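Novice: Show me the folded form of this:
(one chain, ligands or ions: 1)
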Amino acid sequence: MSETILKPDTTFDVEELRKEFPLLSTEMNGHPIVFLDSAASSQKPQVLIDSIDHYYKNLHANVHRGVYQLSQEATHAHEEGRKRIQKFINAGSDKEIIFVRGTTEGINLVASSFGRKYLKEGDEVLISAMEHHSNIVPWQLACEQSGAQIKVIPVNDEGELIMEEFDRLLTEKTKIVSVVHVSNALGTINPVKEIIEKAHAKGVPVLVDGAQSIPHMKVDVQDLDADFYTFSGHKMFGPTGIGILYGKEKWLNEMPPYHGGGEMIKTVTFEKTTYNELPFKFEAGTPDIEGSIGIGVAAEYIEKIGQENIARYEHELLEYATEQLSQIEGLRIVGTAKNKASVVSFLIDGTHPYDVGTILDKLGIAVRTGHHCTQPLMDRFGIPGTVRASFAFYNNKADIDRLVEGVKRAAKMLR
Ligand code: 7TS
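Specialist: You can find the predicted model right below:
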């Protein structure tokens, strides 16, 4: 195993941490797995697996409705998960933490509910050219219904937002800005604090897609002053099927419900329904209880390792990977922003990303290939897609060395 890249003045020991992720000791196609697709979904630590096991063996009952002790205990664990997330992102109140299925549902909720209340013909929704499809299509649906229009902040050749264009596009027609914090395809870290400040100066709220930022850096929603911030459990070492929509209380109180059903009501008659208070107004139906517990466990796990440690270590991995991959003849990195998270997207002259990914798979190396659900961004760069290696704190230098060897081999075979 390679030595830890981090300086010895931290308690972070990557080799020890790796042992906490059972899947990292398995094989793929007869080779010890090199997992470089954490941007799609991260692997899971034993502590999370144990918490889910414990929940189903000891705690399971439906929440918010039983007078009996077991249901009250399940409710307590579920609400504890919410409080852990409130603390994790420093939200002002746990009423502002809505459990959703993931980032996709978080954005759909805002686009649908905010859209119904506030968007009308002639209004504009400002997004960026590097959005994931899940931050494009929900707004297209909202615009179709309201007659509003989408405007797009362009990116430069390095894959950074052109902020002068943002300034120009932010007008009195803009009703909401919805931007990604960290690009899943390029790794660019966007200046969301500056975006929020400028939007607020014109009275415009901002939704931030935090799917790729939450696993890699400290996020403080009050410091950012974000109106909405959304992310997925499965990308932050937590379970699938759960995510968070943070929203400022004042917006969530004004916005109409998204889904209708049990839990989200106060009283129902055939003539009229009154809605429950926050956060339940936006949580119709039996929630993902294992998920709410699990995402809280995952958040505490990240805090225990320390987001500063994670960010610093991953930055070193990114620099090492960038340097090593750049030496391969004919390899071009797509996305060279100054401020980047641990994603390296690349192309090799004369090869197709899919073929490179297939050869890497045979060598036990998991990377993502394709458009990464960012087709408009790929169009901007005039490419069909890339090979993408994305790192988490459980990756090490040895993983990158195996990637570099694999890419060299693929290049040789395909050219
Ligand atoms: N936003 C960003 C920036 C993402 O990277 C993703 C998923 C989503 C939204 C949607 O998240 P979900 O959990 O609701 O599916 N990104 C990726 C990826 O890069 N490869 O697979 C999924």
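Novice: Just the buried residues of stretch 68-78, please?
Specialist: The neighbour-count check on stretch 68-78 (16 or more other Cβ atoms under 10 Å) flags 71, 73-75, 77-78 as buried. For glycine as for every other residue, the C-beta is placed from the backbone atoms N, C-alpha and C.
Novice: The ligand: which of those residues is nearest?
Specialist: Closest approach to the ligand among those (Cβ to the nearest ligand atom): His78, at 20.3 Å.
Novice: Now do the same for that closest one: its pLDDT.
Specialist: Model confidence at His78, given as pLDDT, is 98.
Novice: pretty sure it is in a helix, no?
Specialist: Yes. Counting by DSSP: H, G, I helix; E, B strand; the rest coil, His78 falls inside a helix.
Novice: contacting residues around it?
Specialist: 63, 287, 289, 292-293 (Cβ atoms under 8 Å, 6 or more residues apart in numbering).
Novice: how far away is it from Thr286?
Specialist: Distance from His78 to Thr286, counting by Cβ to Cβ, to the nearest Å: 10 Å.
Novice: Pull up the overlap in contacts between the two.
Specialist: Joint contacts of His78 and Thr286 (Cβ under 8 Å, 6+ apart) are Val63.
Novice: mind listing the helices for the stretch 1-150 of the chain?
Specialist: 14-19, 46-54, 69-88, 103-118, 137-146 (DSSP state H, counting those that start in this stretch).
Novice: In JSON lines: the ones you listed, plus distance to Asp349.
Specialist: Formatted as JSON lines, these follow (distance: least, Cβ to Cβ, whole Å):
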{"stretch": "helix 14-19", "distance to Asp349": "33"}
{"stretch": "helix 46-54", "distance to Asp349": "41"}
{"stretch": "helix 69-88", "distance to Asp349": "43"}
{"stretch": "helix 103-118", "distance to Asp349": "34"}
{"stretch": "helix 137-146", "distance to Asp349": "33"}
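Novice: Residue of the stretch 251-400 of the chain closest to the ligand, please.
Specialist: His372 (4.9 Å).
Novice: sec struct for that residue, please.
Specialist: coil.
Novice: From what I see, it and Asn184 are in contact.
Specialist: Yes. Applying Cβ atoms under 8 Å, one finds His372 in contact with Asn184, separated by 5.7 Å.
Novice: What does the pLDDT read for the residue of the chain most remote from its centre?
Specialist: What lies farthest from the middle of the chain is Glu271; by Cα atoms, centre = their mean that is 40.2 Å. Note on Glu271: pLDDT of 96.
Novice: same deal with Lys7?
Specialist: So, for Lys7, pLDDT stands at 50.
Novice: what residues go with each domain of the protein?
Specialist: The chain resolves into domains spanning 14-32+307-410, 51-303 when parsed by automatic domain parsing.
Novice: I am finished for the moment; much appreciated.
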